[in-house]
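# next one to model:
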Amino acid sequence: MDPVAALSEIAFHLERDRAPQFKVQAFRKAAATLGAWSPAELAARAGDGRLKATKGIGASTFEVVRQALDGGVPDRLAKLRAAATSPLTDGGRALAAQIRGDLHSHSDWSDGTTPVPLMVDAAVSLGREYLALTDHSPHLTVAHGLTAERLTDQLDVVDELDRHTPGLRLLTGIEVDILDDGTLDQNPELLDRLDVVVASIHSHLRADRATMTERMLGAVTHPRTTILGHCTGRLVEGSRGTRPPSEFDAARVFAACAENDVAVEINARPERQDPPDDLIALALDSGCLFSIDSDAHAPGQLALLDYGIERAAANGVPADRIITTWPVERLLEWARH
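The predicted model follows:
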């Protein structure tokens, strides 16, 4: 098989499995190195020993390339394919068939690991009809959040990719921080230019219940907020450890979401599982819409959407109340009204 495709697919599987980043990058970097050469040049370099001595090509990646050039599926890739599992039950598979897009993803413009085109290619391979690029806003400096100037530059990149990616709409967006006073961390004029605004809290998560409630209500009632992202901020497992959910008046917040047509995100990240089941039930009873999103920071993590789909199905969320089942035209009309 094509060696670059083999290396890229291995990286995808490792990202989906949440492998350590250094392992993923070994295959991503090797794929990028090989991608600069023609098939004939690659074969020549592999045959005369130059490939093995190339910076960025280690023993594992060289073996993948060698086996691919020999005409077979590399052993590493075959094992990853065989080990792949899905969280979807019958109900989850039925809902997955209705999902059209993903409205929360990151690239290396903020704290994602790859350029935007690789995220787009992965979304296409997964059959998505649309993907929103929602890199972080400037307040989240640890994530290299986008200043107004950088976000403006990114809009041009998204427009160019959108026009040259048949079968996928790449939507403009941002994951904007909800600041302590409930305002959104980005230039209002820029927010008006975006298709999707995911409003999330990333700081002072242990503030008292009343403070958190008012903070969230400020964001939910903002006319440009589309989605309330990972609302409790909890972490239930994973490399970052665990974190308890923030305390807020969920009944008031979800009532405001329903009144202001703001979707409640079902964040698909296994380490988040946010909101918890009891809050999904409360949001349902409150009349909320939902958005099942991957919150992907790497191409393979786009496949984590299945975990959110399964949780939505298990909690009885009707498909038509999930905005990511809607055609993109309906979605954009709703987001702009």
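# now the helices for this protein?
Taking DSSP state H as the criterion, the chain contains helices spanning 3-16, 21-34, 39-48, 59-69, 75-83, 90-96, 116-125, 148-163, 188-191, 209-220, 250-259, 277-285, 305-314, 328-336.
# got those as CSV, with mean neighbour count columns?
Backbone N, C-alpha and C define where each C-beta goes, glycine included. As requested, the helices of the chain are exported to CSV (neighbours: other C-beta atoms under 10 Å):
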stretch, mean neighbour count
helix 3-16, 23
helix 21-34, 19
helix 39-48, 14
helix 59-69, 18
helix 75-83, 14
helix 90-96, 16
helix 116-125, 20
helix 148-163, 15
helix 188-191, 14
helix 209-220, 20
helix 250-259, 20
helix 277-285, 17
helix 305-314, 23
helix 328-336, 15
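# can I get these in TSV including distance to Trp109 and mean pLDDT?
Listed next are the helices of the chain as TSV, based on distance: least, C-beta to C-beta, whole Å; pLDDT from 0 to 100:
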stretch	distance to Trp109	mean pLDDT
helix 3-16	18	97
helix 21-34	16	95
helix 39-48	30	93
helix 59-69	26	96
helix 75-83	28	97
helix 90-96	29	98
helix 116-125	7	98
helix 148-163	6	97
helix 188-191	14	96
helix 209-220	22	98
helix 250-259	28	98
helix 277-285	31	98
helix 305-314	21	98
helix 328-336	21	97
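# redo those helices as JSON lines? Include distance to Asp181.
JSON lines is the format used below for the helices of the chain (distance: least, C-beta to C-beta, whole Å):
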{"stretch": "helix 3-16", "distance to Asp181": "36"}
{"stretch": "helix 21-34", "distance to Asp181": "35"}
{"stretch": "helix 39-48", "distance to Asp181": "56"}
{"stretch": "helix 59-69", "distance to Asp181": "49"}
{"stretch": "helix 75-83", "distance to Asp181": "47"}
{"stretch": "helix 90-96", "distance to Asp181": "37"}
{"stretch": "helix 116-125", "distance to Asp181": "32"}
{"stretch": "helix 148-163", "distance to Asp181": "19"}
{"stretch": "helix 188-191", "distance to Asp181": "15"}
{"stretch": "helix 209-220", "distance to Asp181": "7"}
{"stretch": "helix 250-259", "distance to Asp181": "16"}
{"stretch": "helix 277-285", "distance to Asp181": "24"}
{"stretch": "helix 305-314", "distance to Asp181": "30"}
{"stretch": "helix 328-336", "distance to Asp181": "24"}
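# got the domain ranges for this protein?
For the chain, automatic domain parsing gives the domain ranges 3-83, 90-336.
# indicate which one of the helices of the chain is closest to Asp180.
Of all these, it is helix 209-220 that lies closest to Asp180, at 6.5 Å by C-beta to C-beta.
# next one: that closest one to chain centre, how far?
Relative to its parent chain, helix 209-220 has a centroid offset of 25 Å by C-alpha atoms, centre = their mean, to the nearest Å.
# using PDB, write down the CA coordinates of that helix.
Only the C-alpha atoms of helix 209-220 are listed here, as PDB (Å, rounded to 0.1, in the frame of the first residue of the first chain):
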ATOM      1  CA  ARG A 209     -22.600  28.100  42.500                       C
ATOM      2  CA  ALA A 210     -24.100  31.600  42.200                       C
ATOM      3  CA  THR A 211     -21.000  33.000  40.500                       C
ATOM      4  CA  MET A 212     -20.900  30.200  38.000                       C
ATOM      5  CA  THR A 213     -24.600  30.400  37.300                       C
ATOM      6  CA  GLU A 214     -24.500  34.100  36.500                       C
ATOM      7  CA  ARG A 215     -21.300  33.600  34.400                       C
ATOM      8  CA  MET A 216     -22.900  30.900  32.300                       C
ATOM      9  CA  LEU A 217     -26.200  32.900  31.900                       C
ATOM     10  CA  GLY A 218     -24.200  35.800  30.600                       C
ATOM     11  CA  ALA A 219     -22.800  33.700  27.800                       C
ATOM     12  CA  VAL A 220     -26.000  31.800  27.000                       C
END
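# any idea of the angle that helix forms with helix 250-259?
Helix 209-220 and helix 250-259 meet at an angle of 10 degrees, taking axes from the mean of the first three to the mean of the last three C-alpha atoms, to 10 degrees as the criterion.
# quick one: list the elements packing against helix 209-220.
On a contact count with 3 or more C-beta pairs under 8 Å, 6 or more residues apart in numbering; DSSP states H and E, helix 209-220 meets strand 227-228, helix 250-259.
# what is the longest strand of this structure by residue count?
strand 169-177 (DSSP state E).
# quick one, that one and helix 148-163 angle?
160 degrees.
# packing partners of strand 169-177?
strand 130-133, helix 148-163, strand 196-200, helix 328-336.
# mind putting those into JSON lines with distance to Leu279?
Output for those, formatted as JSON lines (distance: least, C-beta to C-beta, whole Å):
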{"stretch": "strand 130-133", "distance to Leu279": "23"}
{"stretch": "helix 148-163", "distance to Leu279": "31"}
{"stretch": "strand 196-200", "distance to Leu279": "15"}
{"stretch": "helix 328-336", "distance to Leu279": "23"}
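# nearest to Arg206, out of the ones you listed?
Taking C-beta to C-beta, strand 196-200 is the member of the helices and strands packed on strand 169-177 nearest to Arg206, at 15.9 Å.
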